[in-house]
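In: Could you work out the structure for the sequence below:
(2 chains)
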Number of protein chains: 2
Amino acid sequence: MRVKLTVAYDGTDYCGWQIQPNGNTVQQELMNAVADLFGEEISVPGASRTDAGVHAHGNVCCIDVDTKMDPGKIAFALNRRLPEDIVVTESVLVPDGENGFHPRYGAHRKAYEYRIWNMPHPDPILRRYTLHHHHHLDEALMDHGGQYLVGEHDFTSFASVKSQTDSFVRTIYALSVTRSESGLVTIHVEGNGFLYNMVRIIAGTLIMVGDGRMKPEEIKDILGALDREKAGPTAPPQGLHLLWIDYD
Amino acid sequence: MRVKLTVAYDGTDYCGWQIQPNGNTVQQELMNAVADLFGEEISVPGASRTDAGVHAHGNVCCIDVDTKMDPGKIAFALNRRLPEDIVVTESVLVPDGENGFHPRYGAHRKAYEYRIWNMPHPDPILRRYTLHHHHHLDEALMDHGGQYLVGEHDFTSFASVKSQTDSFVRTIYALSVTRSESGLVTIHVEGNGFLYNMVRIIAGTLIMVGDGRMKPEEIKDILGALDREKAGPTAPPQGLHLLWIDYD
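Out: Numbering: from 1, shown residues only, chains lettered A, B, ... in the order given. Next comes the predicted model:
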């Protein structure tokens, strides 16, 4: 049977999702836990290959296993075998076979947040999960700039030059920038898929809008230029959170 | 001049606030940073001696220093000398001398929160800052039970037997229990002062109300019994957050 696993993790101490020859990864820890539970090596294909230091509240992967265990109980059994910074929050039975559930190809909507602690001094409790930016950010300007990104566009300007993809066209369904009373500025973005470093480059660019180094309208020109050099820097990983992935 | 310092910290890696012969403490780190900045040993009396593992968003202490430095800049200078899990969020000039500002005696209202992650599985990102309780909590029952604690009472039943105090009478001005959409249950309590372990014993008792092991009305009887044995267990430190301290 095929079981879909929803996975949350604190990415601080990992070299990202994907298995690497050197360095500890989330996928490797999951494979180890799965192997310990079922007594065999089983691959754990994932939906989003998050980078080193990036957090996830609901990344998705799946396993094909031959077991009589109640699918819903697999999450509990895996959590007893995982380090405390990785948690399987749900395990459910999904269709298997070639036309069955696939974590990557079946995903039709993903949500990310980029979180910025925007106060003069850092916050010790949020330090691992936010970027500290001490210049005041105007979240209304950032939100305005972000609206130019909503829709179907070629996002070449907002993708790492290291991107390996056939097409740079993606659709952003919604983007909003809000500020909490305490001083946390959150960029929330939903789309059908994201290019390598895309949310972090959007964040780095909107931060320039927020602190006055760029006008909101310039986002439109950057998008049209199809040139990574025109956009802002790639914001650091610890502010990025993969929230959820939605399937058909 | 006397300077009031507001201090935030992630208490995970500290043996609490107060200087100890063995073990790293927040007060010791502050004393080291102050000594490095001003070139002399200066005591750093604090308002709340938080326990090991307890977090603070706004604990308060003060220093008497002879300097021409702008008081507001002292926070920035200290933060450059502090580890990243301790941050001075504000430094302001206050009246000095015998009748001047005192972090402990001048405090007239304090706010604490006890945060509980109330979902079947733990949350890896909140794990250092919440208690995980997997049995469902009824926050309305907890809030109901908590109302019996509001007002001026003898809180002997809700104080550690190790408390060293002349009087167990304290006033709770407000107590509320709320649940976020994501599953975080927060006990918010404000009072004129709190006995040793008082908020953690209140939390441990209200959790029993929330998961059905105790009726809300029993809180009234526990309070009247003046007996620590009647209340629930002391909830673990990582869920406790000192939010702020208000002065006359």
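In: which other residues reach stretch A:217-235?
Out: A:114, A:131, A:145-146, A:148-149, A:153-161, A:168, A:197, A:200-201, A:203-209, A:214 (Cβ atoms under 8 Å, 6 or more residues apart in numbering or on different chains). Glycine gets a C-beta too; all of them are placed from N, C-alpha and C.
In: and those, which of them are in strands?
Out: Applying DSSP state E to these, the entries found in strands are A:114, A:131, A:153-154.
In: Give the buried residues for stretch A:106-113.
Out: A:106-107, A:109-113 (16 or more other Cβ atoms under 10 Å in any protein chain shown).
In: Looking at those, which is nearest A:Val189?
Out: Checking the buried residues of stretch A:106-113 against A:Val189 by Cβ to Cβ gives A:Tyr112 as the nearest, at 5.4 Å.
In: Could I get the contacting residues of the closest one?
Out: Taking Cβ under 8 Å, 6+ apart as the test, what A:Tyr112 contacts is A:188-190, A:194, A:199, A:240-243.
In: which intervals of chain A have sub-threshold pLDDT?
Out: Along chain A, no part satisfies pLDDT under 70.
In: of the buried residues of stretch A:106-113, closest to chain B?
Out: Within the buried residues of stretch A:106-113, the smallest distance to chain B is 11.7 Å, found for A:Glu113 (Cβ to the nearest Cβ).
In: Once you drop chain neighbours, what's closest to that closest one?
Out: Leaving out its chain neighbours, the residue that sits closest to A:Glu113 by Cβ to Cβ, 6 or more residues apart in numbering or on different chains is A:His241, at 4.7 Å.
In: What strand or helix carries A:Leu78?
Out: With secondary structure defined by DSSP states H and E, A:Leu78 is part of helix A:71-79.
In: if we can go back for a sec, which among the contacts of stretch A:217-235 count as buried?
Out: For the contacts of stretch A:217-235, buried by 16+ other Cβ under 10 Å: A:114, A:131, A:145-146, A:148-149, A:153, A:155-159, A:168, A:197, A:200-201, A:203-209, A:214.
In: before we move on, the earlier item: for B:Gly46, state which of the contacts of A:Tyr112 is nearest.
Out: Of all the contacts of A:Tyr112, B:Gly46 sits closest to A:His241, with 33.8 Å by Cβ to Cβ.
In: Can you name the residues of chain A that neighbour chain B?
Out: Residues of chain A lying close to chain B by Cβ under 8 Å from any Cβ of the partner chain are A:8-10, A:55, A:57, A:75-76, A:79, A:84-90, A:119, A:121-125, A:127, A:129.
In: Separate out the buried members of those.
Out: Counted by 16+ other Cβ under 10 Å, the residues of chain A next to chain B give A:8-10, A:55, A:57, A:75, A:79, A:85-90, A:119, A:121-125, A:127, A:129 as buried.
In: where does the residue of chain A positioned farthest from its centre fall, phi/psi-wise?
Out: The C-alpha centroid of chain A is most remote from A:Lys68, which lies 32.8 Å away (Cα atoms, centre = their mean). The phi/psi pair for A:Lys68 (degrees, to the nearest 10) reads phi -100, psi 0.
In: hmm, back to that, what about the residues of chain A next to chain B, which are in strands?
Out: Among the residues of chain A next to chain B, the members falling in strands (DSSP E) are A:8-9, A:55, A:57, A:86-90.
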